[in-house]
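> Sharing a model that was predicted from the sequence below.
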Amino acid sequence: MPECTQESLRFPPVDGLSVRADFDGGAMSSDFGPVILRGVDQQIGLTERLAQAIND
């Protein structure tokens, strides 16, 4: 069976704290869900692209 190594995802700091996701199944918190989504959105610009694509 091949071994897989997953990279950690790093997000912009929040209130001076580092935020990362490493998928190792350790201590988990749902409190950072919106923070993680914001970090991903800032990295890929999804909200901005959606806003440009929708005529209101």
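In hand now; what should we look at?

> Return the list of helices and strands in contact with the helix or strand encompassing Val19.
For Val19, the enclosing helix or strand under DSSP states H and E is strand 17-21. Packing partners of strand 17-21 (3 or more CB pairs under 8 Å, 6 or more residues apart in numbering; DSSP states H and E): strand 9-14, helix 33-44. Every residue, glycine included, has its C-beta placed from N, CA and C.

> what's the least confident stretch among those?
Of all those, mean pLDDT reaches its minimum on strand 9-14 (a mean of 79).

> Kindly calculate the angle that it makes with strand 17-21.
160 degrees (axes from the mean of the first three to the mean of the last three CA atoms, to 10 degrees).

> Strand 9-14 pairs with which strands?
Here strand 9-14 has these sheet partners by DSSP bridges: strand 17-21 (antiparallel).

> contact partners of the strand it pairs with?
If you take CB atoms under 8 Å, 6 or more residues apart in numbering as the criterion, strand 17-21 is touched by Ser8, Leu9, Arg10, Phe11, Pro12, Pro13, Phe32, Val35, Ile36, Gly39.

> and it with helix 33-44, angle?
Angle of strand 17-21 versus helix 33-44, following the same axes, to 10 degrees, is 80 degrees.

> follow-up on the earlier one: export the helices and strands packed on strand 17-21 to CSV and append columns for mean neighbour count and distance to Leu50.
CSV is the format used below for these (neighbours: other CB atoms under 10 Å; distance: least, CB to CB, whole Å):
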stretch, mean neighbour count, distance to Leu50
strand 9-14, 13, 20
helix 33-44, 13, 10
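
> Export those to a markdown table and append columns for distance to Arg20.
Listed next are the helices and strands packed on strand 17-21 as a markdown table, based on distance: least, CB to CB, whole Å:
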| stretch | distance to Arg20 |
| --- | --- |
| strand 9-14 | 5 |
| helix 33-44 | 9 |
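
> nearest to Ala51, of the ones you listed?
Of all the helices and strands packed on strand 17-21, the one in closest proximity to Ala51, counting by CB to CB, is helix 33-44 (11.3 Å).

> Could you export that closest one as PDB, CA atoms only?
In PDB, the C-alpha atoms belonging to helix 33-44 read as follows (Å, rounded to 0.1, in the frame of the first residue of the first chain):
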ATOM      1  CA  GLY A  33     -14.700  27.000  10.200                       C
ATOM      2  CA  PRO A  34     -15.600  30.600   9.100                       C
ATOM      3  CA  VAL A  35     -12.000  31.700   9.600                       C
ATOM      4  CA  ILE A  36     -10.700  28.900   7.400                       C
ATOM      5  CA  LEU A  37     -13.200  29.700   4.700                       C
ATOM      6  CA  ARG A  38     -12.200  33.300   4.800                       C
ATOM      7  CA  GLY A  39      -8.600  32.400   4.400                       C
ATOM      8  CA  VAL A  40      -9.300  30.100   1.500                       C
ATOM      9  CA  ASP A  41     -11.500  32.800  -0.100                       C
ATOM     10  CA  GLN A  42      -8.700  35.400   0.300                       C
ATOM     11  CA  GLN A  43      -6.200  33.000  -1.400                       C
ATOM     12  CA  ILE A  44      -8.400  32.100  -4.400                       C
END
